[in-house]
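> Below are the sequence and a predicted model; questions follow.
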Amino acid sequence: MTGGVLAAALALGGCAAPDRPTADSAGRLPAADDAGRLPAAAPRIAPGPRAAPGRAPAEKSCKNDSYRPSGPPPAVGHMPAGSTMAAIVRRGRLIAGVDQNSYLFGYRDPLTGQLDGYEIELLRRIATALFGSPDRIQFRTITSAARIPVLTTDPNKVDIVVDSMTINCERWQSVAFSSDYMDAGQRVLVPRQSTARSIKDLGGKKICAARKTTSIDTLASLRNPSVVPVGVDDWTDCLMLMQLGEVDAASTDDTILIGLAAQDPNTKLIGPRFTDEPHGIAMQPKQTDFVRFVNAVLEQMRQDGSLKALARKWLGTDNFAPPAVTYRD
């Protein structure tokens with residue numbers, strides 16, 4: 001059993017409730033009952049307050065550098081000859097890199113053994129546009145650190161990565177991103193008994209984040225306060241280390257932290273966002289026709305309301321609805 005899977009088992013008490021509990025504005029969830037189960041229904045999640053107006057991101061995001069769709073996606077069975085989409089359809093399956101340890105986004109439901117979550121459903125919509133079926137996907141579960149290598153250097157490359165990936169200029173040098181489908185921001189998760197109210201109260205403390213992420217890079221760059229970053233493979237490993245008292249907090253996108261808080265009601269989200277994290281779907285850099293195709297699917301989902309509905313279904317709020325989009329061309 002890997003550390004991530006072990007942590008998920010510890011956090012969920014061996015199984016996940018089919019109904020997703022939601023937190024209050026501080027990230028607190030209702031108390032568990034005597035059997036350790038969370039209530040099936042709870043108040044809607046509200047993301048933390050956004051960073052102070054006028055604060056610029058630490059790095060230019062390049063979030064609007066994606067390629068404009070040429071129009072609606074081609075009809076199933078009519079992919080352009082010689083296109084990336086035609087090659088994927090000819091193979092018979094879409095090969096996708098996903099997380100299996102990010103509750104609510106990409107996780108393996110222990111009750112069914114199947115992958116589920118916001119980003120898994122997003123992939124199923126893309127598969128439907130390619131094949132007319134949501135099930136023609138070969139999932140390849142990966143760590144955060146593997147998201148770029150599986151598209152660029154891995155001998156068994158994937159077609160697409162949907163794994164809570166922040167769009168930024170550095171990553172654009174290696175992969176091609178879709179349009180921004182969700183804006184998040186980095187916050188902090190701490191044990192409920194912690195007296196910290198924001199990242200400013202954690203100077204010198206150990207804070208966990210996944211390796212090869214913008215989150216751990218941000219922690220390493222913090223000054224006033226400086227913190228001690230602790231790198232792990234999976235986000236559930238952060239939750240386990242915090243439960244064991246080996247780190248003082250976990251920090252990443254608030255969307256991921258909401259999932260961790262839902263797994264452990266003895267935690268809470270604190271403080272405002274201190275970064276801006278536009279989320280994109282990553283693809284191989286030369287396959288711009290596929291990027292335009294995926295953007296056409298996302299555009300349809302914006303127009304028919306299904307992208308907003310995914311955020312409401314999995315996060316319990318409209319506050320993570322898709323942002324407005326512009327393109328490079």
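That came through fine.

> Break down the protein into its helices, ranges please.
3-12, 84-91, 118-131, 149-152, 169-172, 214-221, 235-243, 254-263, 288-304, 306-315 (DSSP state H).

> nearest to residue 76, of the ones you listed?
Between residue 76 and those, the tightest spacing by C-beta to C-beta is seen for helix 118-131, at 6.6 Å. Just so you know, the C-beta spots here come from the backbone N, C-alpha and C atoms, and that holds for glycine as well.

> can you list the residues that contact that closest one?
For helix 118-131, the external contacting residues (C-beta atoms under 8 Å, 6 or more residues apart in numbering) are 73, 76, 79, 85, 88-89, 94, 96, 98-99, 102, 104-106, 133-137, 160, 162-164, 181, 281, 293-294, 296-297, 300-301, 306, 310-311, 313-315.

> Pull out the buried members of the residues you listed.
73, 79, 85, 88-89, 94, 96, 98-99, 102, 104-106, 136-137, 160, 162-164, 181, 281, 293-294, 296-297, 300-301, 310-311, 314-315 (16 or more other C-beta atoms under 10 Å).

> so which of the helices of the chain gets nearest residue 277?
Using C-beta to C-beta, those put helix 214-221 closest to residue 277, at 6.9 Å.

> neighbouring contacts of that closest one?
In contact with helix 214-221 (C-beta under 8 Å, 6+ apart) are residues 58, 166, 168, 186, 207, 209-210, 227, 229, 231, 251-253, 274-275, 277.

> Could you list the low-pLDDT ranges of the stretch 1-150 of the chain?
Scanning the stretch 1-150 of the chain for pLDDT under 70 picks out 1-60.

> Could you give the backbone dihedrals for residue 319?
phi -70, psi -10 (degrees, to the nearest 10).

> what's near enough to touch residue 191?
By C-beta under 8 Å, 6+ apart, the contact set of residue 191 is 242, 266-268.

> Write a ChimeraX command that selects only the buried members of the residues you listed.
Under the burial definition 16+ other C-beta under 10 Å, those of these that qualify are selected in ChimeraX by:
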select :242,267,268
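
> Identify, from the contacts of residue 191, the entry nearest to residue 194.
Among the contacts of residue 191, residue 268 lies closest to residue 194 (C-beta to C-beta), at 7.6 Å.

> Export only the CA atoms of stretch 74-83, formatted as PDB.
What follows is stretch 74-83 as a C-alpha-only set of coordinates in PDB (Å, rounded to 0.1, in the frame of the first residue of the first chain):
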ATOM      1  CA  PRO A  74     -16.400  17.800 -34.900                       C
ATOM      2  CA  ALA A  75     -19.200  15.300 -34.800                       C
ATOM      3  CA  VAL A  76     -18.400  11.800 -33.400                       C
ATOM      4  CA  GLY A  77     -17.100   9.700 -36.300                       C
ATOM      5  CA  HIS A  78     -16.000  12.800 -38.300                       C
ATOM      6  CA  MET A  79     -12.600  13.700 -36.800                       C
ATOM      7  CA  PRO A  80     -10.400  15.500 -39.300                       C
ATOM      8  CA  ALA A  81      -8.100  13.100 -41.200                       C
ATOM      9  CA  GLY A  82      -4.600  13.100 -39.900                       C
ATOM     10  CA  SER A  83      -5.600  14.900 -36.700                       C
END
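
> Cool, thanks, signing off.
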